[in-house]
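Undergrad: Okay, sequence plus prediction incoming.
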Amino acid sequence: MTSAAHTARLLIVGPQGSGKGTQGVRIAESFGVPVVSTGDVFRANVKDQTPLGVKVKAIIDAGDLVPDELTSEVVRDRLAQDDAAEGFLLDGYPRNTGQVAHLDEFLTGRGESLDAVILLDVPREESISRLSQRAQEQGRTDDTDEVIAKRLEIYERETAPIIDVYAERGIVDTIDGVGSLDEVNARIVAALEARGLVRQVTA
Ligand code: AMP
């Protein structure tokens, strides 16, 4: 029972290195919604050495998942802000079935639900090569070979199963993530428009 006037409530999922961060930003802009990226929130807190940042730094550096309750609290706080009232694009959350349950509870309580889950499909070799390129460009502390392997393994074990949950609800759009930024972006936009979602900015 989603309100008629809302813009779009979206989730983008894909393995690390699938390009979901970049695509997520563009899609959010087109559909006029804020990006809610748990990875970005955690990294900003680590950088500013906030109490949350101090708590999660070692976990993130090791490539492990931050505990569900803590992560879900961060997301609930963010989604409660005014700019997320009519829509949002989640990137990196939920990451396991426990977090799906937390998000369901939160959204149901507001009379909302996700409109679409964009699954970026990229072969493993491609995401690994994109990740090592990003490691050289951005110097993220969790982009070492060992930590990358662990994060991909956690993705396959914990995150991939959430796709089945959403597929049963009929809201997953699987998008071929191989191609130029513009090509992949056009595929996502077409899939969302096919669901009746309306772009706010036609850039
Ligand atoms: P990302 O930029 O999405 O790859 O996230 C970077 C790191 O932040 C992950 O490897 C985790 O340590 C942590 N993180 C981000 N999102 C979540 C989440 N939904 N649940 C638990 N940990 C997360």
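TA: Received, thanks.

Undergrad: Would you state the helices of the protein in chain order?
TA: Using DSSP state H, the helices of the chain run over residues 20-31, 38-47, 51-62, 68-79, 97-109, 124-138, 145-154, 160-168, 181-194.

Undergrad: In TSV: the ones you listed, plus distance to the ligand, mean pLDDT and mean neighbour count.
TA: Using the backbone N, CA and C atoms, a C-beta is placed for each residue, glycine as well. What follows is these, written out as TSV (distance: least, C-beta to the nearest ligand atom, whole Å; pLDDT from 0 to 100; neighbours: other C-beta atoms under 10 Å):
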stretch	distance to the ligand	mean pLDDT	mean neighbour count
helix 20-31	7	97	20
helix 38-47	2	96	17
helix 51-62	4	97	15
helix 68-79	4	98	17
helix 97-109	6	98	15
helix 124-138	10	84	14
helix 145-154	5	90	16
helix 160-168	10	98	14
helix 181-194	18	98	15
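
Undergrad: what's the closest of those helices to Glu86?
TA: Closest to Glu86 of these, according to C-beta to C-beta: helix 20-31, at 10.3 Å.

Undergrad: Which strands or helices does the closest one pack on?
TA: Judged by 3 or more C-beta pairs under 8 Å, 6 or more residues apart in numbering; DSSP states H and E, helix 20-31 is in contact with strand 9-13, strand 35-37, strand 88-91, strand 116-121, helix 181-194.

Undergrad: Pull out the buried residues from the second one.
TA: By neighbour count with 16 or more other C-beta atoms under 10 Å, strand 35-37 contains the buried residues Val35, Val36, Ser37.

Undergrad: measure the second one to Arg95 for me?
TA: Read it as Val36. When distance is defined by C-beta to C-beta, to the nearest Å, Val36 is 13 Å away from Arg95.

Undergrad: Could you do the last one as well?
TA: The spacing between Ser37 and Arg95, counted by C-beta to C-beta, is 12 Å.

Undergrad: mind listing what the residue nearest to Gln99 when sequence neighbours are not counted touches?
TA: Leaving out its chain neighbours, the residue that sits closest to Gln99 by C-beta to C-beta, 6 or more residues apart in numbering is Asp68, at 5.4 Å. Contacts for Asp68 (C-beta atoms under 8 Å, 6 or more residues apart in numbering) come out as Asn96, Gly98, Gln99, His102.
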